[in-house]
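Peer 1: model this:
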Amino acid sequence: MKLILLFGPQAVGKMTVGQELEKRTELKLFHNHMTIELLQPFFGFSEEMWRICNMLRVEIFESFSKTDQYGMIFTFMWAFNEEKDWKWVEKVTDIFESNGAEVYFVELETDLEVRLKRNITPNRLQHKPSKRNIEDSEKRLLASLDTHRLNSVEGEIEREKYIKINNTDMSPEEVAEKIIEEFQLERK
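Peer 2: Numbering: from 1, shown residues only. Okay, the predicted model is just below:
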């Protein structure tokens, strides 16, 4: 079993890269908006929505990590300046590793100008209805620059199976290929 933790700021390309990885490997994509889009219409972006969202994710991780599947790609934003995010990543990692899985950390970073363009791509809007209010989505993306550090600094992630990719000028296919090669993932 393998878990690919694919993280970075909003509109960096996590889901799209995850879709490419899923096409090329036996890994199953669980992008963070799968639970957000389920709950957001009922609770908005509230504390209650995030509580239930995280509860669902943990249940899915615990059950999936005990299967005989090849593995999972999970996409999310990691606020490196928030201790609770570090603890959450540790919890998810522990769930999989305690069941014998290998955990891989893949961080994406992209220039802000490119992220703003990617924020309105048809694929993103198709899979993330809560992003369809472009003005609000862009406002939240820009506001996060003042409150969260969504990319690591050098040496901050002390994991052997870790790669940081600047995908500003890379296609999702190129990024997926780089990840497959770096971690020697089995192809379909």
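Peer 1: what is the least confident helix or strand in the chain?
Peer 2: Ranked by mean pLDDT, DSSP states H and E, the weakest helix or strand in the chain is helix 122-127, scoring a mean of 84.
Peer 1: show me what the next helix or strand after that one is packed against.
Peer 2: Per DSSP states H and E, the first helix or strand lying C-terminal to helix 122-127 is helix 134-147. Contacts defined by 3 or more C-beta pairs under 8 Å, 6 or more residues apart in numbering; DSSP states H and E place helix 134-147 against helix 112-118. For glycine as for every other residue, the C-beta is placed from the backbone atoms N, C-alpha and C.
Peer 1: dump whichever strand in the chain runs longest to PDB, keeping only the CA atoms.
Peer 2: For the chain, the longest strand by residue count, based on DSSP state E, is strand 102-109. Presented in PDB, the C-alpha positions along strand 102-109 are these (Å, rounded to 0.1, in the frame of the first residue of the first chain):
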ATOM      1  CA  GLU A 102       4.600   3.600   2.500                       C
ATOM      2  CA  VAL A 103       3.900   7.300   2.600                       C
ATOM      3  CA  TYR A 104       5.300   9.700   0.000                       C
ATOM      4  CA  PHE A 105       5.200  13.500   0.300                       C
ATOM      5  CA  VAL A 106       4.800  15.500  -2.900                       C
ATOM      6  CA  GLU A 107       4.800  19.300  -2.600                       C
ATOM      7  CA  LEU A 108       3.800  21.500  -5.500                       C
ATOM      8  CA  GLU A 109       4.600  25.200  -5.900                       C
END
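Peer 1: tell me, what residue is most central in the chain?
Peer 2: A centroid search over the chain (C-alpha atoms, centre = their mean) returns T75, at 1.6 Å, as the residue closest to the centre.
Peer 1: surely that residue touches L6?
Peer 2: Yes. Contact criterion C-beta atoms under 8 Å: T75 and L6 qualify, at 4.7 Å.
Peer 1: joint contacts of the two?
Peer 2: 14, 18 (C-beta atoms under 8 Å, 6 or more residues apart in numbering).
Peer 1: stretch 144-162: which residues count as buried?
Peer 2: 148, 150-152, 157, 162 (16 or more other C-beta atoms under 10 Å).
Peer 1: circling back to that earlier point, how far away from the center of its chain is the helix or strand containing the residue nearest to the centre of the chain?
Peer 2: Secondary structure assignment for T75, by DSSP H and E: strand 71-76. Offset of strand 71-76 from its chain centre (C-alpha atoms, centre = their mean, to the nearest Å): 6 Å.
Peer 1: quick check: what element follows that strand along the chain?
Peer 2: By DSSP H and E, the next helix or strand past strand 71-76 is helix 83-97.
Peer 1: contact partners of that next one?
Peer 2: 1, 3, 5, 54, 57-58, 61-62, 65, 74, 78-80, 103.
Peer 1: present these as CSV; the columns should include neighbour count.
Peer 2: Shown next, in CSV, are those (neighbours: other C-beta atoms under 10 Å):
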residue, neighbour count
M1, 18
L3, 25
L5, 22
N54, 14
R57, 20
V58, 14
F61, 22
E62, 14
S65, 20
F74, 24
W78, 22
A79, 16
F80, 18
V103, 20
